[in-house]
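Colleague: any chance you can model this:
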Amino acid sequence: MKNLLHQRKHRKYLKRKHSMALTYCIAAFMVSFFIALQIQGSIVYAQAEATKPFLFDPSPSVSSLDNYSSDGQGKEAEGKPTVKEVKDYLRVIYGSRWRLAWAVAEAECNHTRKEWPMCSFGWSKELSIGLLQINIAKDEGRGAWVHWEKIPGNNLQEKQAWLMDWKHNILMSFVISKGGTDFGPWTGFTSNAYLKFL
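Modeller: Okay, here's the model as predicted:
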């Protein structure tokens, strides 16, 4: 009799133990599944944001390049941001990757330059505009398109003017860098010049 009672208790104990183990397994699976969904959702969202053709109005009203001198310096002092304003905006757009974006921007168009953040370089190889030196097209804008189609504007002048706005420039860099995950298009990154600004 004692043996029979012992066996029943043992069976109940084993049932309870298996039931608890099954409950833990199901709970662990559900938690893992939920975390995987969250991660996947974050990745999909980041990819969607980074690959959107525009994060902004695709047909903005752009001012004429008459507002800028030939070296890219704005004629009006107002509107030129502070370093803090640029860093704050980079934080908003790039999130945790903002320091890398700032370092690349510094390597491309250093804040100590007179024309910062409206640097404009028209070499024979490319036409690069603004804080993060967005390359519009090769051969000073006359050659093959680089990021031409991504930039709002109907012609070269409008595209240049649009990119001269430092916030637009940062937004476009976010698109080109796939949400800050690929700074390969920037020589300031590939040459490791950005490292001294981190």
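Colleague: enumerate every residue touching residue 121.
Modeller: Contacts here follow Cβ atoms under 8 Å, 6 or more residues apart in numbering; on that basis residue 121 touches 127-128, 133. Where C-beta positions appear, they are placed from N, C-alpha and C, glycine not excepted.
Colleague: relative to residue 92, which of those residues is nearest.
Modeller: Minimum distance to residue 92 across these is 20.6 Å, recorded for residue 133 (Cβ to Cβ).
Colleague: could you find the closest non-adjacent residue to that closest one?
Modeller: Among residues not flanking residue 133 along the chain, residue 108 sits closest, at 4.1 Å (Cβ to Cβ, 6 or more residues apart in numbering).
Colleague: thought that neighbour was touching residue 135?
Modeller: No. With contacts defined as Cβ atoms under 8 Å, residue 108 does not count as touching residue 135, sitting 10.4 Å away.
Colleague: overlap of the contact sets of those two?
Modeller: Overlap between the contact sets of residue 108 and residue 135, as judged by Cβ under 8 Å, 6+ apart, is given by residue 128.
Colleague: confirm that residue 121 lies within a strand, as I assumed.
Modeller: Yes. Residue 121: assigned to a strand according to DSSP: H, G, I helix; E, B strand; the rest coil.
Colleague: gap between it and residue 87?
Modeller: If you measure residue 121 against residue 87 using Cβ to Cβ, to the nearest Å, the figure is 23 Å.
Colleague: equivalent analysis for residue 117, please.
Modeller: The gap separating residue 117 from residue 87 is 12 Å, by Cβ to Cβ.
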